[in-house]
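A.B. asks: No letters, just coordinates:
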Ligand SMILES: [Fe+2]
Ligand SMILES: [Fe+2]
């Protein structure tokens, strides 16, 4: 069992300012670039609304997420030899992540997962979608394996082809070494027209990692929701359709169905974790084996 250099205190001590490597005070602060209702977002500038640290976070993310980095991380995590644990245990493990956010106002990771799942349940969606809401952010345990924030969260985007100017803070891609590789800067780059997202490398983070861990246990729609929930350039901005096949286009619709439960369920009442635990333990047992390799 391998652990990264970070202890369970993967982000920052309460009394320390966010570090240069991890500029977000709260791991979910990057979502403040998207937190407006979609209609309002079109008329307001996220640059003026993002929380402190988000700009610096995207500077690091866009400069460092190269095709080579993505390949390296995929290889590094492929053996799945970090931990063996069940889904509930993974939720408790994720909850050990400590950051600089205010515990009185910000939800814990388990609370976010349950709130998302509860909002999906309240709308009468099938059980596979409820469990998808419950697990969708478990890949954030990458932070506990020592990965910096920029390699765990943030909008994802294809590497190895031209960056869409609809990605947040697109100017920061100028510092990415891939910007100087002409073969990576055409609309198709290393890919072919409608090759399918299975053949496209997205920037590395909690979406792709969790997809790889759970791909044998959930239906295709659920896997798309997990793998592409941070792919805002596609599911919100409508970019990169030239790389998608018909299946991807259908799946992107499902990701759009999922997104509001992730983004806008936050800020509603705190879920009663203790009262909901039996329901969610049963739901987990319906879809997952007792122990999974992470
Ligand atoms: Fe997420
Ligand atoms: Fe989330």
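C.D. replies: Yep, that arrived. Nothing here was measured: the structure is a model prediction, and the numbers come from that model. Residues are numbered from 1 along each chain as shown. Ligands and ions are numbered 1, 2, ... in the order given.

A.B. asks: as a whole number, average confidence for stretch 174-188?
C.D. replies: For stretch 174-188, mean pLDDT is 98.

A.B. asks: Go through it and flag the buried ones.
C.D. replies: 176, 178-179, 184 (16 or more other Cβ atoms under 10 Å). (C-beta placed from N, C-alpha, C; glycine too.)

A.B. asks: Now render these as TSV, adding secondary structure and distance to ligand 2.
C.D. replies: Shown next, in TSV, are those (DSSP: H, G, I helix; E, B strand; the rest coil; distance: Cβ to the ion, whole Å):
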residue	secondary structure	distance to ligand 2
176	coil	25
178	helix	27
179	helix	29
184	helix	29
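
A.B. asks: So what's the residue count around whichever residue of the stretch 1-150 of the chain sits closest to ligand 2?
C.D. replies: Across the stretch 1-150 of the chain, no residue is closer to ligand 2 than residue 137, which sits at 4.3 Å (Cβ to the ion). If you count neighbours by other Cβ atoms under 10 Å, residue 137 ends up with 26.

A.B. asks: wait, doesn't it sit right on residue 110?
C.D. replies: No. Counting by Cβ atoms under 8 Å, residue 137 does not reach residue 110; the two are 10.0 Å apart.

A.B. asks: ok, residue 84 to residue 132 distance?
C.D. replies: 22 Å (Cβ to Cβ, to the nearest Å).

A.B. asks: ok, these two, which is more surrounded?
C.D. replies: Applying other Cβ under 10 Å to residue 84 and residue 132 shows that residue 132 carries more neighbours, namely 28 against 12.

A.B. asks: contacting residues for residue 239?
C.D. replies: 164, 166-167, 233 (Cβ atoms under 8 Å, 6 or more residues apart in numbering).

A.B. asks: List just the nearest of the residues you listed to residue 214.
C.D. replies: Checking the contacts of residue 239 against residue 214 with Cβ to Cβ, the nearest one is residue 233 at 23.5 Å.

A.B. asks: neighbours around the closest one, how many?
C.D. replies: Neighbour tally, residue 233, other Cβ under 10 Å: 22.

A.B. asks: Would you tell me what the next helix or strand after the helix or strand containing it is?
C.D. replies: Using DSSP states H and E, residue 233 sits in helix 232-235. Following helix 232-235 in sequence order, the next helix or strand is helix 246-263 (DSSP H and E).

A.B. asks: which element follows that next one toward the C-terminus?
C.D. replies: Heading C-terminal from helix 246-263 (DSSP H and E), you reach helix 273-287.

A.B. asks: got the contact list for the following helix or strand past that following helix?
C.D. replies: Using DSSP H and E, the helix or strand that follows helix 273-287 in sequence is strand 292-293. Applying Cβ under 8 Å, 6+ apart, the external contacts of strand 292-293 come out as 80-81, 83-87, 90, 213-214.
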